[in-house]
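K.L.:
Need the 3D shape of this:
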Amino acid sequence: MLVKLSASALKQTRWYEYGVRFLLGGLATVLAGAVSSRFGVAVGGLFLALPAIFCASATLIESHERRAKEKAGLSGRRRGQQAAALDAAGAGLGSIGLAAFAAVFYVVSTTVIGAFVAAILVWVAVSVSAWWLRRKLRITSRTVQTDRLGPSARGRGIFS
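P.N.:
As a prediction, this is how the structure comes out:
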């Protein structure tokens, strides 16, 4: 899968979907602030680091994909679930990179700019490595499953 930027996605999103994202993101930020004032900034920061709009985003991705398939006369339920799952996997991999960023920024005690540059480099390296590893493991596990099931599974396109 290629990562690309698509301006046409902005046209597909309805105005109220932006409102839902804004509202849920704002509520998550307010919750993080309340937790921070009650339990301290270290604990509050953990809540703020959570993807504030992930739930809204996953729901919107699922509904967009389902609608697109239903327009074509197909059931889009499965496609919507797969698209949301792919987004969740990407968020998880990004979280691993974010944790590495935070650890490096905490450990590096040079200048703030030096710590920031080092943390960004580590974030990129960890995130890309995690994506690459997931892709490799996914391809390997599919190959093993297909080989185990035999040529009839490959012919039917179960794992394509």
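K.L.:
how much space between I96 and S75?
P.N.:
To S75, I96 is 34 Å away according to CB to CB, to the nearest Å. Yep, even glycine has a C-beta here, placed from its N, CA and C like the rest.
K.L.:
In terms of neighbours, single out the busier of the two.
P.N.:
More crowded of I96 and S75, by other CB atoms under 10 Å: I96, with 15 against 10.
K.L.:
Let's see the pLDDT reported for the most centrally placed residue in the chain.
P.N.:
Most central in the chain under CA atoms, centre = their mean is A91, positioned 2.2 Å from the mean C-alpha point. A91 carries a pLDDT score of 80 in this model.
K.L.:
For the helix or strand it falls within, list every residue counted as buried.
P.N.:
Per DSSP states H and E: A91 is located in helix 77-107. Buried residues in helix 77-107, counting neighbours by 16 or more other CB atoms under 10 Å, are found at 79-80, 83-84, 87, 93-95, 97-98, 100-102, 104-105.
K.L.:
what about this protein, any weak spots by pLDDT?
P.N.:
Low-confidence segments of the chain, defined by pLDDT under 70, span residues 1-6, 9-10, 12-13, 48-53, 55-56, 139-160.
K.L.:
for it, which helix is longest?
P.N.:
In the chain, ranked by residue count with DSSP state H as the criterion, the top helix is helix 112-149.
K.L.:
Give me the buried stretch members for that one, please.
P.N.:
Buried, per 16+ other CB under 10 Å, within helix 112-149: A115, A118, A119, V122, W123, V126, S127, A130, W131.
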